[in-house]
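[1] A predicted structure for the sequence below; I have some questions about it.
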Amino acid sequence: MTIDATDRRIIAATQGGLPLVPQPYAAVARKLGLEEAELCARLRAMQDRGVIRRVAIAPNHYALGMVANGMSVWDVADDAVARLGAQVGALDYVSHCYERPRALPDWPYNLFAMIHGTSRAEVEEKRTQIADLLGDACRAHDILYSTRILKKTGLRLRSKEG
Amino acid sequence: MSLDATDRQILNALQDGFPICPDPFLKVARDLGLSEDDLLARLARMKAARIITRFGPFYDAEAMGGAFCLCAMAVPAADFERVLTKVNARPEVAHNYERSHRLNMWFVLATERPEEIEAVAGALERETGLRVLCFPKLREFFIGFRVAA
């Protein structure tokens, strides 16, 4: 995965968002001294390589009533976690779904899925749905609710050349 | 602000993706049966009201370089503030949450190079006298999430 200095300038110019004008890519290109076609080609290339996950809007969960969330964690059989993890990740109420290593004996869970809902009760109901989906492949599960934000720093690209 | 059916249609449609082409709003507006002006005005209004948090490319931090790791510690209540001060003092600690579990402190380490993750976690163990469990991402399943508007 290589991104060059121009890609980095594009990232720096767009990671805060695109302008809400009829030709947003032309506006960004002008600011960077690039042709619009080159900017679009580079954005598409970064999207193809996964550097850009998607170009889209992110709605405010809270404003749309999704005020509750919990980090659900699951001990899923190793030979089933890839298949079942993909199914859990595809659920529209799950974000941030990852396979991670267990830390035995303290931590038997290898699948992490953040569940979002309009209430704690709805999150619990969705957790039950996931338990049903995993079935016998899941040996144990738990859910961790955040009780306090202790630090929150945005992950921003550092200003260095690629 | 209150959202009408058209606002909700826009929120639902644009969570799935936005085109990379010279007149992307015109294209989206046509798909939704709206005028370009109306679409832009509604987006601007929803952005100003913070219904839309961000609009644009979402970059994968790891693909841009750098390493990330979710870590957790079991911190005794009496020791919590002392440990928190030491953990949060580290610039590599990006997010940190208190959670309802024996492992009650969960944070993300973000470093320039992968080998620095282990070094920072080790330094935190020495400074706090507590174990730092590392849960690096082995596989990512990240496709379905959307908020129904």
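    Thanks, I have the structure now.
[2] what helix or strand is residue B:110 on?
    Using DSSP states H and E, residue B:110 maps to strand B:105-111.
[3] what about that strand, average pLDDT?
    For strand B:105-111, mean pLDDT is 94.
[4] parallel or antiparallel, list what pairs with that strand.
    Applying DSSP bridges, strand B:105-111 is found paired with strand B:67-73 (antiparallel), strand B:93-99 (antiparallel).
[5] what does it rub up against?
    A:71, A:144, A:150-151, A:155, B:61, B:66-75, B:80, B:83-84, B:87, B:90, B:92-99, B:117, B:120-121 (CB atoms under 8 Å, 6 or more residues apart in numbering or on different chains). Glycine gets a C-beta too; all of them are placed from N, C-alpha and C.
[6] in TSV, list the strands paired with strand B:105-111 along with mean neighbour count.
    Output for those, formatted as TSV (neighbours: other CB atoms under 10 Å in any protein chain shown):
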stretch	mean neighbour count
strand B:67-73	20
strand B:93-99	19
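[7] for chain B, give me its nearest residue in chain A.
    Closest to chain B within chain A is residue A:89: 2.7 Å, counting by CB to the nearest CB.
[8] picking that back up, so which of the strands paired with strand B:105-111 comes closest to residue B:45?
    Across those, the minimum distance to residue B:45, taken as CB to CB, is reached by strand B:93-99, at 30.1 Å.
[9] from residue B:12, how far out is the residue lying closest to the residue of chain A closest to chain B once chain neighbours are set aside?
    Leaving aside its sequence neighbours, residue A:89 sits nearest to residue B:141 (CB to CB, 6 or more residues apart in numbering or on different chains; 2.7 Å). Relative to residue B:12, residue B:141 is positioned 22 Å away (CB to CB, to the nearest Å).
[10] which of the two has more neighbours?
    The residue with more neighbours, out of residue B:141 and residue B:12, is residue B:141; 23 against 16, by other CB atoms under 10 Å in any protein chain shown.
[11] isn't that one up against residue A:98?
    Yes - using CB atoms under 8 Å, residue B:141 makes contact with residue A:98 at a distance of 6.9 Å.
[12] domains in chain B, by residue range?
    Chain B breaks down by automatic domain parsing into domains covering B:5-48, B:62-136.
[13] residues contacting residue B:136?
    Contacts for residue B:136 were tallied using CB under 8 Å, 6+ apart; they are A:100, A:101, B:69, B:70, B:117.
[14] secondary structure class for the second one?
    By that I understand residue A:101. Of the three states, residue A:101 takes coil according to DSSP: H, G, I helix; E, B strand; the rest coil.
[15] what's residue A:116 in contact with, if anything?
    Neighbour list for residue A:116: A:61, A:66, A:68, A:69, A:93, A:94, A:95, A:123, B:145, B:147 [criterion: CB under 8 Å, 6+ apart].
[16] ditto for residue B:91
    Residues near residue B:91 by CB under 8 Å, 6+ apart: none.
[17] which SS state does it fall under?
    Look at residue B:91: counting by three-state DSSP, its state is coil.
[18] now it: how far from residue A:151?
    With distances taken as CB to CB, residue B:91 is found 11 Å from residue A:151.
[19] tell me where chain B has strands.
    Ranges of strands in chain B, per DSSP state E, are B:52-59, B:67-73, B:93-99, B:105-111, B:133-135, B:139-141.
[20] minimum distance to residue A:30: which of those strands has it?
    Here strand B:52-59 is closest among the strands of chain B (CB to CB), at 16.3 Å.
[21] that closest one pairs with which strands, and in what direction?
    By DSSP bridges, strand B:52-59 pairs with strand A:52-59 (antiparallel).
[22] after the partner strand comes which helix or strand?
    Of the helices and strands lying after strand A:52-59 in sequence (DSSP H and E), the nearest is strand A:68-76.
[23] after that next one, next one along is what?
    From strand A:68-76, the next helix or strand downstream (DSSP H and E) is helix A:81-89.
[24] buried residues, that following helix. List them.
    A:81, A:84, A:85, A:88, A:89 (16 or more other CB atoms under 10 Å in any protein chain shown).
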